[in-house]
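Engineer: Below: sequence and its predicted model.
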Amino acid sequence: MAINSDTSITTSLLTLLNVSATKAGKRKLTEAEFVPAEKLNKRKSARFSELEPVIPEDGDTPGETKDVGEDPALEDGPDDADVGDGYESHFGSKPTVLTEPSRNSVDSRAWKLSKERRGKLGNTVLSTPESSQAPDPNETPRIDILERLRTPFQSRQSKQSPEQTELQNDLLSTLSSRRDLYLTSTPLESRKCMREAIALHAVNHITKKRRRVLKNNERLAHATKADPNAEPPEDVQDQGFTRPSVLFLLPFRSAALDWYHALISHTPPPTFQIENQNRFTSEYGLPPRAIDKLAEAEPGTYPRDHVETFKGNVDDNFRVGIKLTRKSVKMFAEFYGCDVIMASPLGLRRSIEKEKNADYLSSIEILVVDQLDALTMQNWDHVQLVLSHMNKLPKESHDTDFSRIKPWYLDGHAAYLRQSILLAAYETPEGRALYNTSLRNVAGKYRTQRHWSPIEVPEGIEQNFIYFDCANPKDEADKRFHHFTTQLLPTVLKSAVQSANTVVFIPSSFDFIRVQNYFRKHGGVTFTILSEYSTNQDISRARQAFFQGKKCFLLISERFHFYKRYKIRGIRNLIFYGPPDHPQFYTEFLSYPFLDDGVESSDVTCRVLYSKYDWFRLERIAGTEAAAGLIKAS
């Protein structure tokens, strides 16, 4: 449901209230409980003692007030104080950063940019709304984690390297600001400790939210017991439309298993009871007696990044709800009764299309998108569809106690407070567009910057970077195709040597189909293809035909190499239709000619077609300075 104006928000909420009141088996609103449209954020007439929900038999309930009885005793301490609490100041009922000028600045994409170095995270660019107060450069970083969670975490940190501890602390202090964070380059060796820190931040958020709800439940119960006719406290707005508040968007089940281990590292047995653990590990791990060829292979057989990405269960259609209480973690909780959702974009898309709504995404307060680089190799439309349903007004009430909903949810401003955490091995145009357009946190957003060195390639190979001019990104695909078919390819075909044993590496699937059709229609050369849709039999035939010289050209899509990572023999000439997203792919293809005996560097040619819109890819291959020179000189 789109939020276009205050009028549409009011109309939607009134419709939702009416539907909730008239549904069979649900409590009807009385005149005393009805709130006029112009006073949606003032609920003085609500009687909380009359809003007791019906508890389903299984005990799993969609609302948040149903946690009464789950945590019979709360640990009070200094961490529970509201003063200086980052959660309360950002996600409380009256966030200080949520103002009309700040929202207008975000909507108009009017950001103030500043650069700062944040410890082990490296150089960052901080974007804050122009109307907001500039951050204090002398502000001391603070890690806002409950003592109950922080103490065991620090105990585990003492057993790891100082570098990992420093990285986790810098990450936690950044996340404690409640600003968005886009980590544009996450090294393989740091991913596990980063997952643990982000998981701690998520568990801390859920724990603080639950404590606030339970404390208000207790206040309401005491107020009702003392005087049943007295007006209840007014400052008890502590919930969203639905219970789920944390979403992990992941590419594969193996990634979900990694994040599961990161979460339960902060909820260890016997302090916590993990329910349905065996079922989860069996469904998200490998089947019994299955052999993981990547994990079991000798070191060096496959590239390390490929092993880390594809070991384990790589099914990309999944979704699971996780419910956290003070003493338990329940896997496979019903979506409207869980705190955490772990899912793939495809899994959520199928759920949204099946249920005709995405109400369980209406109250997400922390979004974690892991392995953005892998998600771009899947169907990016799935990611965009999921994000388009985030923080919208729900279509149904789901037993919501509207008197407990935070005012900014009712105002349709949840997207301005959601904290998004994006992790990628390298930056892509899709990731930057997501950062620029979908991250609307009025507290601001961080983006890390990396200085890239030129990638290592076999010595002696001459790399020819060919520029084509393009003034509009919308015309980029057509301009690239035109230059390839009218300038680059005819030049190659004039040479008898260069028109054989030639691989054309094509990053985009759209471009791959276009070039394939061109080769098929115009004829004149023999060619074969390797795409992500090629069967094992197709792959074997294509590789053999190319190696034996029966086919002069081999068209390879980047997605094929991403998923398969085959070593291709018989290459003498390389044409990169565009620089690959993954810089390692460039090095690998330049090394493949030397798999054959007697090949010298002078026997190998390399051409790279690029425009100014290939900056991210070009920077990772040529290096930051050289890429800037290539763009400037063109």
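Structural biologist: In hand now; what should we look at? Numbering: from 1, shown residues only.
Engineer: wouldn't Arg156 be in contact with Pro268 here?
Structural biologist: No. The pair Arg156 / Pro268 is not scored as a contact, 9.6 Å apart, by Cβ atoms under 8 Å. In short, each C-beta sits where N, CA and C put it, glycine included.
Engineer: correct me, but Pro507 touches Tyr586?
Structural biologist: No. Using Cβ under 8 Å, Pro507 makes no contact with Tyr586, being 10.8 Å away.
Engineer: Find the residues that touch each one of those two.
Structural biologist: Taking Cβ atoms under 8 Å, 6 or more residues apart in numbering as the contact rule, Pro507 and Tyr586 both touch 579-580.
Engineer: Show me which of the two is the more surrounded one.
Structural biologist: Tyr586 (24 against 21; other Cβ atoms under 10 Å).
Engineer: in this structure, what secondary structure element scores lowest on mean pLDDT?
Structural biologist: Least confident helix or strand, the chain: helix 6-22 with a mean of 58, by mean pLDDT, DSSP states H and E.
Engineer: where exactly do the strands run in the stretch 201-350 of the chain?
Structural biologist: Secondary structure of the stretch 201-350 of the chain (DSSP state E, counting those that start in this stretch): strands at 246-249, 273-275, 319-324, 328-331, 340-343.
Engineer: how about those in CSV, adding distance to Leu423?
Structural biologist: Listed next are the strands of the stretch 201-350 of the chain as CSV, based on distance: least, Cβ to Cβ, whole Å:
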stretch, distance to Leu423
strand 246-249, 10
strand 273-275, 25
strand 319-324, 19
strand 328-331, 23
strand 340-343, 14
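Engineer: right, and these - which one's nearest Gln371?
Structural biologist: strand 246-249 (9.4 Å; Cβ to Cβ).
Engineer: I'd say Lys445 and Arg178 touch.
Structural biologist: No. Using Cβ under 8 Å as the test, Lys445 is too far from Arg178 to be in contact (10.6 Å).
Engineer: Quick check: which ranges of the stretch 501-634 of the chain have low pLDDT?
Structural biologist: 523, 634 (pLDDT under 70).
Engineer: By residue count, which helix of this structure is the longest?
Structural biologist: Ranked by residue count under DSSP state H, the longest helix found in the chain is helix 191-226.
Engineer: Which other helices and strands does it contact?
Structural biologist: Counting contacts by 3 or more Cβ pairs under 8 Å, 6 or more residues apart in numbering; DSSP states H and E, helix 191-226 packs against helix 86-91, helix 147-157, helix 162-175, strand 246-249, helix 253-264, strand 319-324, strand 366-369, strand 419-423.
Engineer: Mind checking those for the one nearest to Ser531?
Structural biologist: Comparing the helices and strands packed on helix 191-226 by Cβ to Cβ, helix 253-264 comes nearest, at 23.6 Å.
Engineer: List the buried residues of the closest one.
Structural biologist: Across helix 253-264, burial judged by 16 or more other Cβ atoms under 10 Å covers 253-260, 262-264.
Engineer: can you tell me the distance between the two ends of stretch 574-590?
Structural biologist: 8 Å (Cα to Cα, to the nearest Å).
Engineer: what does stretch 268-281 give?
Structural biologist: For stretch 268-281, the separation between the terminal residues is 16 Å (Cα to Cα).
Engineer: buried sites along it?
Structural biologist: Of the residues in stretch 268-281, those buried (16+ other Cβ under 10 Å) are 272, 274-275, 280.
Engineer: May I have the phi/psi pair for Val504?
Structural biologist: With angles defined as degrees, to the nearest 10, Val504 sits at phi -110, psi 110.
Engineer: Equivalent analysis for the one 5 residues further on, please.
Structural biologist: Taking degrees, to the nearest 10, you get phi -70, psi -40 for the backbone angles of Ser509.
Engineer: show me what contacts it?
Structural biologist: 531-532, 557, 559.
Engineer: Next: Asp235.
Structural biologist: Taking Cβ under 8 Å, 6+ apart as the test, what Asp235 contacts is Ser93.
Engineer: ok, now how distant is it from Ile556?
Structural biologist: 62 Å (Cβ to Cβ, to the nearest Å).
Engineer: just Ala414 next, same as before
Structural biologist: 44 Å.
Engineer: do the same with Pro129
Structural biologist: From Pro129 over to Ile556 (counting by Cβ to Cβ), the distance is 45 Å.
Engineer: how about TSV for the helices and strands packed on helix 191-226, with distance to Ser495 and mean pLDDT added?
Structural biologist: Conversion of these to TSV gives the following (distance: least, Cβ to Cβ, whole Å; pLDDT from 0 to 100):
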stretch	distance to Ser495	mean pLDDT
helix 86-91	63	92
helix 147-157	60	94
helix 162-175	51	96
strand 246-249	47	98
helix 253-264	45	97
strand 319-324	53	97
strand 366-369	46	98
strand 419-423	44	98
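Engineer: Adding distance to Ser601, write those out as CSV.
Structural biologist: Output for the helices and strands packed on helix 191-226, formatted as CSV (distance: least, Cβ to Cβ, whole Å):
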stretch, distance to Ser601
helix 86-91, 56
helix 147-157, 48
helix 162-175, 38
strand 246-249, 44
helix 253-264, 39
strand 319-324, 50
strand 366-369, 41
strand 419-423, 37
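Engineer: Nearest approach to Pro593 belongs to which of the ones you listed?
Structural biologist: helix 253-264 (33.2 Å).
Engineer: Now do the closest one: distance to the chain's middle.
Structural biologist: Distance of helix 253-264 from the chain centroid (Cα atoms, centre = their mean, to the nearest Å) equals 14 Å.
Engineer: list the helices and strands it packs on?
Structural biologist: Contact analysis of helix 253-264 by 3+ Cβ pairs under 8 Å, 6+ apart lists helix 191-226, helix 277-284, strand 319-324, strand 328-331, strand 340-343 as its packing neighbours.
Engineer: other SSEs contacting the helix or strand where Leu618 lies?
Structural biologist: Using DSSP states H and E, Leu618 sits within helix 615-622. Packing partners of helix 615-622 (3+ Cβ pairs under 8 Å, 6+ apart): helix 583-591, strand 605-610, helix 624-633.
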